[in-house]
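**Q** starting from these lines, generate the structure:
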Amino acid sequence: MLDLIELDVVAGKGGNGIISFIHERSRPKGGPDGGNGGWGGSIIVSAHSNLRSLDHLIGKPVIEGSPGFPGRSANRTGRNAKPINIKVPVGTVVTNISTDPPSIISDLDSDGMQAIVALGGDPGYGNLHFVNSTNQEPLLAEGGALGETRRIRLEVKILSDVAIVGVPNAGKSTLLSRLSKAKPKVADYPFTTLEPSLGVLEGFDRSVVLLDIPGLIEGAHTGKGLGLDFLRHVERVRTILHLIDGASDDLVDTHRLIENEVEAHSAVLRSKPRVVAVSKMDIPDARANFDLFAETLEKATLVPPIPISSATGEGLRELVTELLKNVPEEPRKESETTPLLPNKERPKYAAPKVYFEEGVYFVEHTGIERIVEVSNLDNWSTRMQLHRELSRVGIIKALDSAGAKSGDTVRIGSIELEWQ
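**A** Presented below is the predicted three-dimensional model:
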């Protein structure tokens, strides 16, 4: 079961605007009609209750969105690209790890909840957009913007009501199979459980989801054993059932070991309600242990330990009653679903930057870079219109301040021009 993965997500580029003019016999001077492009495809992550792991994402280190469609003549806007949907289990935490420190994008804790992890690029303007009182035949258009690029971490934290924790071979899986219809692997050797198992406690006025995680050993919170990989799932539960192996040499020490590992993993777990049970009461030595340590154990746990036997059923009804007392009846509060598409507003461009390096003046201005990407600068009239745009956004002034003179090389995006 894969419950943690990192992916690179690359949203689609916006569609280019186009340069087009009306060509009709009845309107020989119909003017520009180039339409805007469509939005690039965003990358979204959505939660689905029928998924249990991230196994389906193995071998897909990069998820790429589709580009938006280019504009069309007659002022027709290009189609928006469809978003790419990364499906994950309910309870997945999505984190942007491109930032320092990493930042949580969303906690998808309800079925159908979704979050945008990379927004598609905004579309480029067609030449109709550039019409003004002094330019009735614009020869400029704008390329679509690149989509967002991020590296994200998907971390599944299973949603359950009760987590059964304990040392290896304490009888957690056997107990889960007795309390629910789950059929976990059960055997008489340590680390039988290699991944979390879920079961549902039914037959009462409400259902309670039980989670059996692999056995914990000393140092689990630092990576020893199997516990570290799955302790994150305990963060979601509403109650912790601490199952102590009745055959342990010292029940109090066993309890203390597990509590130390649980609390060292996360401070969140310290405040979770506890139910304590001691297993294997069908074994005489375990029964003797319980009789010996019961009073001391209750002082250590602050709750009365419940002696149980999954083999005979002893104490299971009492255990279920105690679990129901500790699991709130009200359902979990679901987070609001994120809209599939945010308010799509074109970005406001920052003031231009000009710097000189190795004999070339480099200009940084996203809007102008997008214009030169799709405009035919071999055409003199187009270059004159571009010059006016450069003046309008402050690039002419910035180049003059930087010392650019006629004949110097100016680079805008991927295009090099001779300054005049």
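
**Q** what sits against the residue positioned nearest the centre of the chain?
**A** Most central in the chain under C-alpha atoms, centre = their mean is V94, positioned 2.2 Å from the mean C-alpha point. The neighbours of V94, taking C-beta atoms under 8 Å, 6 or more residues apart in numbering as the test, are V45, V88, I104, I105, S106, D107, L108, A115, V117, I152, R153, L154. The way it works is simple: take the backbone N, C-alpha and C, and place the C-beta from them, glycine included.

**Q** what about the closest residue to it other than its chain neighbours, how many residues nearby?
**A** Nearest residue to V94 in three dimensions, chain neighbours excluded: I105, at 4.5 Å (C-beta to C-beta, 6 or more residues apart in numbering). Here the number of neighbours of I105 (other C-beta atoms under 10 Å) works out to 19.

**Q** now stretch 259-268: average pLDDT?
**A** The average pLDDT within stretch 259-268 is 82.

**Q** ok so N260 is a helix residue?
**A** Yes: assessed with DSSP: H, G, I helix; E, B strand; the rest coil, N260 lies in a helix.

**Q** where does K60 sit: helix, strand or coil?
**A** Here K60 is coil, with the state taken from three-state DSSP.

**Q** ok so I63 is a helix residue?
**A** No: counting by three-state DSSP, I63 is not part of a helix but strand.

**Q** any idea how far S106 is from the residue nearest to it when sequence neighbours are not counted?
**A** Computed as C-beta to C-beta, 6+ apart, the closest residue to I63 that is not its neighbour in sequence is V9, at 4.9 Å. For V9, the distance to S106 equals 13 Å [C-beta to C-beta, to the nearest Å].

**Q** repeat for T99
**A** T99 sits 15 Å away from S106, taking C-beta to C-beta as the criterion.

**Q** and the two? Which one has more around it.
**A** S106 (19 against 10).

**Q** please name the residues that touch that one.
**A** Taking C-beta under 8 Å, 6+ apart as the test, what S106 contacts is V45, V93, V94, M113, A115, T338.

**Q** ditto for G35
**A** Counting by C-beta under 8 Å, 6+ apart, G35 touches 17-18, 20, 71-78, 126, 128.

**Q** name the nearest residue to it, sequence neighbours excluded.
**A** Using C-beta to C-beta, 6+ apart, the nearest residue to G35 is G71, at 3.4 Å.

**Q** and for that neighbour, the neighbour number?
**A** With neighbours defined by other C-beta under 10 Å, the count for G71 comes to 32.

**Q** what of the one 3 residues further on?
**A** Counted with other C-beta under 10 Å, the burial measure for A74 works out to 11 neighbours.

**Q** so where's this structure uncertain?
**A** 1, 27-29, 182-195, 203, 215, 217-230, 331-347 (pLDDT under 70).

**Q** measure E416 to A288 for me?
**A** Per C-beta to C-beta, E416 is found 88 Å from A288.

**Q** could I get the full set of helices for the stretch 151-300 of the chain?
**A** For the stretch 151-300 of the chain, applying DSSP state H, counting those that start in this stretch gives helices covering 172-179, 227-231, 251-265, 284-301.

**Q** wait, V93 sits on M113?
**A** No: taking C-beta atoms under 8 Å as the definition, V93 is not a contact partner of M113, at 11.7 Å.

**Q** got the contact list for I395?
**A** Contacts of I395 by C-beta under 8 Å, 6+ apart are P352, V354, V363, H365, I368.

**Q** nearest residue to the fourth one in space, ignoring adjacent ones along the chain?
**A** Think H365. Excluding the flanking residues, the one nearest H365 by C-beta to C-beta, 6+ apart is P352, at 4.0 Å.

**Q** list the pairing partners of the helix or strand hosting the residue nearest to V94 within its sheet, with orientation.
**A** Element membership of I105, judged by DSSP states H and E, is strand 103-108. Strand pairing for strand 103-108, using DSSP bridges, gives strand 92-96 (antiparallel).

**Q** may I have the strand it pairs with as CSV, with CA atoms only?
**A** Output in CSV follows, covering the C-alpha atoms of strand 92-96 (Å, rounded to 0.1, in the frame of the first residue of the first chain):
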residue,chain,number,x,y,z
THR,A,92,-5.0,12.8,1.6
VAL,A,93,-3.0,15.9,2.6
VAL,A,94,-1.6,17.8,-0.4
THR,A,95,1.5,19.8,0.3
ASN,A,96,3.5,22.2,-2.0
